[in-house]
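>>> I would like to see how this sequence folds:
(chains A and B)
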Amino acid sequence: SAVISQKPSRDICQRGTSLTIQCQVDSQVTMMFWYRQQPGQSLTLIATANQGSEATYESGFVIDKFPISRPNLTFSTLTVSNMSPEDSSIYLCSVEDLVGANYGYTFGSGTRLTVV
Amino acid sequence: LAKTTQPISMDSYEGQEVNITCSHNNIATNDYITWYQQFPSQGPRFIIQGYKTKVTNEVASLFIPADRKSSTLSLPRVSLSDTAVYYCLVGVSNDYKLSFGAGTTVTVRA
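Numbers count the residues shown, from 1 in each chain, chains lettered A, B, ... in the order given. Here you go, the predicted model:
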C-alpha cells in the first residue's frame, strides 16, 4: 500500500498567520484528500485535490480559507489561512489505495495544529 | 451514503475477544462495509472490508448477515495495543467521499 509523508507533524501558530501542510505520496495517485479532525471528534472531509484542476471543497470549507495545491501526481499542500484558535485540529491527507484485494484509503499521520 | 451507528465506547481486558457491531439499515446494493482503526496521533488505518458473509484477515474478522443491515467487527484476543478508535464506513468501494461517524473507542485494560 501507499506510503504518505506528511509535514509538519505538529505546529503551534499565532492567530492571523497561515500554515502550509505538505503531503508526499510514494506513488502516483489521481486524487488526494484532505481531512480535518477536531479535538475528540471524527474526521471531516475538507476537499478533494486532483492534479491539474482546482480542488473540490465540501460544504462549510472555502478556498480562501483552505487553499490547496496539487502540482503533480505525488504531492499536495493544504494551507490554513488567517488562523484562529478554532482552527486548532489535526489535518490529514489521504489517498485511495489498494489494500490487498480491497479498495481502501491510506492516511498520513496527520499534522497537529494549535493556534494561540 | 448509508448512515452508520456504532457504540461510542467499549471496555475489554487483554486476551478477550472484542465484538463491535455497526448498524447500517440503509445500505445500498453496491455498498461495501469497511472498518478503520485509529490510534492517538495517527491517521486511520484500513483494517478489513467485506460485502457479505464473513471475511477474515490477520487482524480481524468481519461478520455480515444476509440482510447486510449490520456488521460485526471481531478482534480476537486483544492486547493493550489494540486500544484505539474503530470506525465503520459504508459505501461504494471506490467512493472517495468517505463519511466517518463517531467511531467506537475501544479501551483494553491489563
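
>>> where does B:S93 land on pLDDT?
B:S93 is assigned 62 on the pLDDT scale.

>>> how about the CA coordinates for stretch A:53-62, as PDB?
What follows is stretch A:53-62, C-alpha atoms only, in PDB (Å, rounded to 0.1, in the frame of the first residue of the first chain):
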ATOM      1  CA  SER A  53      -7.500  21.200 -11.700                       C
ATOM      2  CA  GLU A  54      -8.900  23.200  -8.800                       C
ATOM      3  CA  ALA A  55      -9.700  21.400  -5.700                       C
ATOM      4  CA  THR A  56     -13.300  20.500  -4.900                       C
ATOM      5  CA  TYR A  57     -14.400  21.700  -1.500                       C
ATOM      6  CA  GLU A  58     -17.000  20.200   0.800                       C
ATOM      7  CA  SER A  59     -19.800  22.200   2.300                       C
ATOM      8  CA  GLY A  60     -18.500  24.500   5.000                       C
ATOM      9  CA  PHE A  61     -15.000  24.800   3.600                       C
ATOM     10  CA  VAL A  62     -13.800  27.500   1.200                       C
END
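
>>> Could you find the closest non-adjacent residue to the residue of chain A found nearest chain B?
Scanning chain A for the residue nearest chain B gives A:F107, at 2.9 Å (criterion: C-beta to the nearest C-beta). All C-beta spots, glycine's among them, are computed from the backbone N, C-alpha and C. Spatially, and ignoring its direct neighbours in sequence, A:F107 is nearest to B:G43 (2.9 Å; C-beta to C-beta, 6 or more residues apart in numbering or on different chains).

>>> same question, A:K7
Nearest one to A:K7, counting by C-beta to C-beta, 6+ apart, is A:Q22 at 4.8 Å.

>>> Where do the helices of the chain begin and end?
Went with chain A since none was named. With DSSP state H, there are no helices along chain A.
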